[in-house]
Structures are given as structure tokens and as C-alpha cells.
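# Quick one: sequence and predicted model below, then my questions.
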Amino acid sequence: MKLLKSTRTGYSAEIAVVTFASRQQETEDGQKTRILLNFGQHGREMITSEVALRLLKALAGEYRLLGLHKSSLNYILQKLIIKVVPMENLNGRRIVEAGKLCERKNGRGVDTNRNWSVDWGKKEKDYDPSEEYPGTAPFSEPETQIMRNLAHSFRPHLWVNVHSGMEALFMPFDHKNTTPNGATAHLMKLMLQKLNLLHCKNNCVVGSGGGSVGYLAHGTSTDYMYEIVKVPMAFTFEIYGEPKASSNDCFKLFNPTDSAVFERVLENWCTAFFRVFMDLASRLYNLSTEAFEKLEGNDMSTAKKHQNRDLIRNDYHTSRKVWRNGQSVITQFDRSFEWGTEEMRKISQFLFILSTFLLILLCYKVSKRISCAQVALDFFYKPS
């Protein structure tokens with residue numbers, strides 16, 4: 001873990017960055033897929049950092065997600081370099097924890113998701129400075145400076161900015177009502193459709209941020225990652241929202257208050273991220289032609305282009321041949337997850353039958369004059 005610090009006009013910020021990768025092939029890190037995940041950009045969205053902490057435990061092998069085998073985790077770390085920012089806006093989070101539960105901005109009142117340079121400073125008719133103040137200039141804030149420098153030095157292939165407030169899966173663009181074109185854009189849409197099906201039950205809003213959320217946002221990190229850093233796959237995930245909550249109850253709007261819902265959100269989205277990891281390993285060849293050239297720039301030599309394509313093509317075919325117990329590791333993760341869910345369903349059915357039997361037996365011992373079967377039915381099927 002590294003602690004990155006920056007100071008701007010008397011205001012300081014620090015951001016922790018945790019990196020996961022296999023140490024066995026450090027010399028080949030340039031050939032691996034690089035992932036940058038950002039959580040806690042807005043202070044009031046506390047659930048996002050909780051997901052980050054659960055994800056870190058799973059990546060470290062200290063927490064086992066349902067259906068995730070150690071072989072799958074090892075495979076991921078061999079193929080990917082994953083950097084996780086658990087809490088970008090530490091100063092804003094401290095303000096929230098001090099009692100201002102609706103605060104989303106940083107420690108000096110700037111929305112760090114409006115402080116990036118793409119279309120910075122443009123204000124819509126519904127602009128609210130208490131929510132979206134973009135700062136005095138692009139990258140006026142130490143938080144955005146740290147994240148910008150990290151992105152340019154790491155040069156990720158995948159960026160995900162994690163928020164809460166609704167359930168949605170966004171791709172660029174935020175500042176205009178359109179989505180990108182090309183092969184990687186099509187791949188982004190396919191990935192979001194799969195996540196929507198498996199982790200949102202098709203209830204997530206899917207599309208561009210500007211076209212789907214109901215308003216345009218200017219100076220966002222995801223648009224900068226896609227347009228300036230040239231990240232091939234850039235997303236914003238909105239992982240939780242309570243539409244029935246009062247607009248004055250910010251904690252309930254952005255964070256689950258029920259312990260069971262809280263746990264379900266953590267488990268669901270950590271599993272979703274592992275699906276993304278496995279998908280990237282298996283679809284790396286699809287990214288090679290367009291996305292790797294996008295990252296390298298238009299001036300990349302023809303020889304280097306062919307070299308990168310060959311490296312990615314070989315890596316892709318190798319990944320497709322990884323087998324364990326007669327099945328590929330990638331397929332095994334999905335099937336193991338489904339198997340685990342089915343097993344839990346069977347266990348629940350067994351416990352229901354067992355409890356019914358024990359209740360009937362108890363009734364029989366208490367009084368032979370009472371219809372035990374009727375007691376059991378009344379217990380489990382009370383009239384509404």
C-alpha cells in the first residue's frame with residue numbers, strides 16, 4: 001500500500017492506493033491488464049468504501065466469496081494488476097462522520113467529480129453550487145491531482161469509479177448525451193449488460209451517464225479517463241440507492257440501513273468485480289487492436305503494434321486453455337457461483353422441512369388432543 005499526498009494553496013489531502021499482482025512475473029507486468037478502481041469520491045456515499053474493504057479482503061485471500069476458488073484468485077493475479085483506491089475523499093468523509101451526512105464535496109467545498117478538465121466549468125440550468133461546485137480551475141484540488149498523476153503513471157486498461165445514490169452502470173460520456181463508437185465501446189456495452197443481468201436483475205440503468213441519469217455532468221473523472229488518459233474501458237458504477245427515502249435523509253438515500261441489505265450489497269458487488277476481472281482475462285484479445293493502440297498513441301511504430309498484438313493474442317489463447325478439473329477457470333467461476341447458490345437453496349428447503357417435522361413432534365408430545373398438523377400449518381401460513 002502507498003499513501004499519496006498533495007497540498008494545494010494550504011489545503012492537503014492524502015489517498016491510500018493498494019496494489020494486487022503476482023510477484024512471480026514482475027518483469028512481465030507491462031503485458032498484464034491494468035485495472036484502477038476508485039471508491040469514496042463523495043463523502044456521503046459511505047457504502048462504496050465498505051465494498052472496497054470487502055474487495056481488498058477477498059483479493060488478499062482473507063475473505064472467500066461464494067464460488068470463488070483459490071485457483072481463480074491466483075489466475076486473476078497472474079493476469080491482472082489491480083490498484084484499489086478505497087477512499088478518495090478522506091477529508092469529505094471526515095465531515096460526514098462529524099454529522100453533516102449530506103456532504104459530498106471535499107474538505108474545502110469542491111466536488112472532486114467536477115474538477116477534471118474535460119468540459120470543466122460548464123453549468124447546466126439546474127446547477128447547484130452546494131452540490132457541484134467545480135473549483136476555481138481544473139485540478140485545483142489535491143485529490144484530483146493525485147488521481148490524475150496516478151492514472152497517467154499507471155495507464156489502466158479499465159477504470160471504474162464507484163458511487164451510490166441509485167442502481168446504474170454508466171459508460172462515457174457524462175458531459176453529453178451520447179456513447180462512444182467502436183469495438184471497445186461495443187465490448188463495454190456487453191459487459192454492462194452482463195452485469196445488469198447477473199447483479200442488478202436487469203434493474204440497473206445502463207448507458208452513458210449524460211444520457212441516462214437525467215442531467216449532464218461536466219468535469220468528471222470518467223470522461224477524463226476515457227478522453228485524455230485513453231483508458232479503453234471506463235465506467236461509473238452506482239451500486240445502491242433507496243428511492244423511497246426522504247431527500248433530507250441523506251444517509252438512507254445513499255447507504256443501506258438494514259444489516260441484511262448491507263451484507264447483500266457487499267457480497268453482490270464484490271462478486272461483480274471478480275466477474276469483471278475474469279472477463280478481462282478472457283477477452284484481452286478483443287481489446288488488443290483498438291484499445292492498446294489507443295493507449296500507446298497514434299505515433300506507435302508499426303513493429304511495436306504488431307508486437308503488442310502478438311503478445312495479447314498469445315496471452316488470450318493461453319488463457320482460453322487454462323483448465324482445472326476438466327473445465328476452464330473462467331467458466332468454473334460462473335458455474336461455481338451458480339452451484340453455490342443452488343446448494344444454499346437446497347439447504348434452506350431442508351431446514352424448512354426439518355423445522356416443520358420438529359414442530360409437529362413437539363405438538364404431539366404436548367397434547368394428543370390438538371391437531372398438530374393444523375398447528376404447524378397455522379404457524380407457517382398465518383392468514384394475512
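Cool, the structure landed.
# Partner strands of the helix or strand where residue 37 lies, with direction?
For residue 37, the enclosing helix or strand under DSSP states H and E is strand 33-38. Strand pairing for strand 33-38, using DSSP bridges, gives strand 80-85 (parallel), strand 158-163 (parallel).
# Can you check what angle separates the next helix or strand after the last one from strand 158-163?
The helix or strand immediately downstream of strand 158-163 is strand 166-171, counting by DSSP H and E. For the pair strand 166-171 and strand 158-163, the angle between their directions (axes from the mean of the first three to the mean of the last three C-alpha atoms, to 10 degrees) equals 160 degrees.
# what bits of the stretch 101-250 of the chain have low per-residue confidence?
For the stretch 101-250 of the chain, no stretch is flagged by pLDDT under 70.
# Recalculate using a threshold of 90.
125-126, 182-184, 186-187, 211-215 (pLDDT under 90).
# For it, which segments count as strands?
Along the stretch 101-250 of the chain, counting by DSSP state E, counting those that start in this stretch, strands occupy 158-163, 166-171, 205-208, 233-240.
# Starting from residue 214, give me the distance back to the residue lying closest to residue 208 once chain neighbours are set aside.
Leaving out its chain neighbours, the residue that sits closest to residue 208 by C-beta to C-beta, 6 or more residues apart in numbering is residue 179, at 4.6 Å. Glycine gets a C-beta too; all of them are placed from N, C-alpha and C. Distance of residue 179 to residue 214, given as C-beta to C-beta, to the nearest Å: 16 Å.
# Comparing these two, which residue is more hemmed in?
Shown here are residue 179 and residue 214; by other C-beta atoms under 10 Å, residue 179 has more neighbours (19 against 10).
# residues in contact with that one?
Counting by C-beta atoms under 8 Å, 6 or more residues apart in numbering, residue 179 touches 171, 172, 173, 185, 189, 207, 208, 211.
# can you count the residues close to residue 215?
12.
# I figured it hits residue 124, correct?
Yes: using C-beta atoms under 8 Å, residue 215 is in contact with residue 124, at 6.2 Å.
# Assess the claim that residue 17 and residue 83 are in contact.
Yes: Residue 17 is in contact with residue 83 according to C-beta under 8 Å; the separation is 5.7 Å.
# Between these two, which contacts overlap?
Counting by C-beta under 8 Å, 6+ apart, the residues touching both residue 17 and residue 83 are residue 150.
# circling back to that earlier point, please work out the average pLDDT along the strand holding residue 37.
Computed over strand 33-38, the mean pLDDT rounds to 96.
# Put the alpha carbons of the next helix or strand after it into PDB.
Later in the chain than strand 33-38, the nearest helix or strand by DSSP H and E is helix 46-59. Extracted in PDB, the C-alpha atoms of helix 46-59 (Å, rounded to 0.1, in the frame of the first residue of the first chain):
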ATOM      1  CA  MET A  46     -20.100   5.500   2.600                       C
ATOM      2  CA  ILE A  47     -21.200   2.200   1.300                       C
ATOM      3  CA  THR A  48     -18.700   2.400  -1.600                       C
ATOM      4  CA  SER A  49     -15.700   2.300   0.700                       C
ATOM      5  CA  GLU A  50     -17.200  -0.600   2.600                       C
ATOM      6  CA  VAL A  51     -17.400  -2.500  -0.700                       C
ATOM      7  CA  ALA A  52     -13.700  -1.600  -1.300                       C
ATOM      8  CA  LEU A  53     -12.700  -3.000   2.000                       C
ATOM      9  CA  ARG A  54     -14.500  -6.300   1.400                       C
ATOM     10  CA  LEU A  55     -13.000  -6.500  -2.100                       C
ATOM     11  CA  LEU A  56      -9.500  -5.900  -0.600                       C
ATOM     12  CA  LYS A  57     -10.000  -8.800   1.800                       C
ATOM     13  CA  ALA A  58     -11.200 -11.100  -1.000                       C
ATOM     14  CA  LEU A  59      -8.100 -10.200  -3.100                       C
END
